[in-house]
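**Student:** return atomic coordinates for the entry below.
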Amino acid sequence: MGGLTTLASTAIQALGAANAVIGTINGYEDRSGQRAYQQARQQAEASMRNAAEQTALQKEQIRLTAQAAETERRSALRRAMARQRAQYGASGVNAADSGSAQAVLLGLFNESEQERTQREALDALRANAADQSYANNVRINTLQLTQMRERDKLRNIGATLDAAKTAGTVLF
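**Tutor:** Here you go, the predicted model:
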């Protein structure tokens, strides 16, 4: 009976040592997996900040380009109207009194407004494209982080099972 107690005591000590080794291995793997996950998360956050800044810069560039185009459109409209009035004056037609002259000037104005409307629509599309690109980057980074976290979980489960097999412990 004393031999059985000694054998059981030795087995319990061996099992305790194996569990300690498994705990150390799992703790190290958890920490290294966590460290890798934290680094990936920090990289993803930096990437997202960069993407947000790029999107803001693109939108600012669109706004500045639109502002310059609007200034140019107004200047071109003023020149075209002045040129048309000068032509009317040279031919002896008073642009203020003549219905045809006013119609031509109104046509120039309407054409300029259509150009502005088209440009604004194009600028809105560009801004939406920049926003969608940013949103896609956010989704991709989130998906990559989730996949990494799940891979780490599976790797940790596999490491636990492998450690249990080598220690001879039956988990299931």
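
**Student:** for the rest of this, base every contact and every neighbour count on C-alpha atoms.
**Tutor:** OK.

**Student:** low-confidence bits of the protein, can you list those?
**Tutor:** 1-33, 95-98, 169-172 (pLDDT under 70).

**Student:** how about the helices in this structure?
**Tutor:** 2-91, 99-167 (DSSP state H).

**Student:** now mean neighbour count too, for those helices, in a markdown table please.
**Tutor:** Output for the helices of the chain, formatted as a markdown table (neighbours: other C-alpha atoms under 10 Å):
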| stretch | mean neighbour count |
| --- | --- |
| helix 2-91 | 14 |
| helix 99-167 | 15 |
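
**Student:** ok, residue 130 touching residue 55?
**Tutor:** Yes. With contacts counted by C-alpha atoms under 8 Å, residue 130 reaches residue 55, the gap being 5.7 Å.

**Student:** which residues does residue 148 contact?
**Tutor:** By C-alpha atoms under 8 Å, 6 or more residues apart in numbering, residue 148 lies in contact with residue 37.

**Student:** try 10 Å
**Tutor:** Contacts of residue 148 were listed using C-alpha atoms under 10 Å, 6 or more residues apart in numbering, and they are 33, 36, 37, 40, 41, 142, 154.

**Student:** can you put those in TSV and add distance to residue 166?
**Tutor:** Converted to TSV, the contacts of residue 148 look like this (distance: C-alpha to C-alpha, whole Å):
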residue	distance to residue 166
33	22
36	26
37	27
40	31
41	33
142	36
154	18
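
**Student:** phi, psi for residue 93 please.
**Tutor:** Dihedral pair for residue 93: phi -100, psi 130, per degrees, to the nearest 10.

**Student:** find the nearest non-adjacent residue to it, please.
**Tutor:** Closest residue in space to residue 93, ignoring its immediate chain neighbours: residue 101 at 7.9 Å, by C-alpha to C-alpha, 6 or more residues apart in numbering.

**Student:** ok, residue 80 touching residue 108?
**Tutor:** Yes. With contacts defined as C-alpha atoms under 10 Å, residue 80 counts as touching residue 108 at a distance of 7.6 Å.

**Student:** residues in contact with residue 158?
**Tutor:** Here residue 158 is in contact with 152, 164 (C-alpha under 10 Å, 6+ apart).

**Student:** against residue 76, how distant is it?
**Tutor:** 71 Å (C-alpha to C-alpha, to the nearest Å).

**Student:** and stretch 140-157, how far out from the chain's middle?
**Tutor:** Averaged C-alpha coordinates place stretch 140-157 at 19 Å from its chain's average position (C-alpha atoms, centre = their mean, to the nearest Å).
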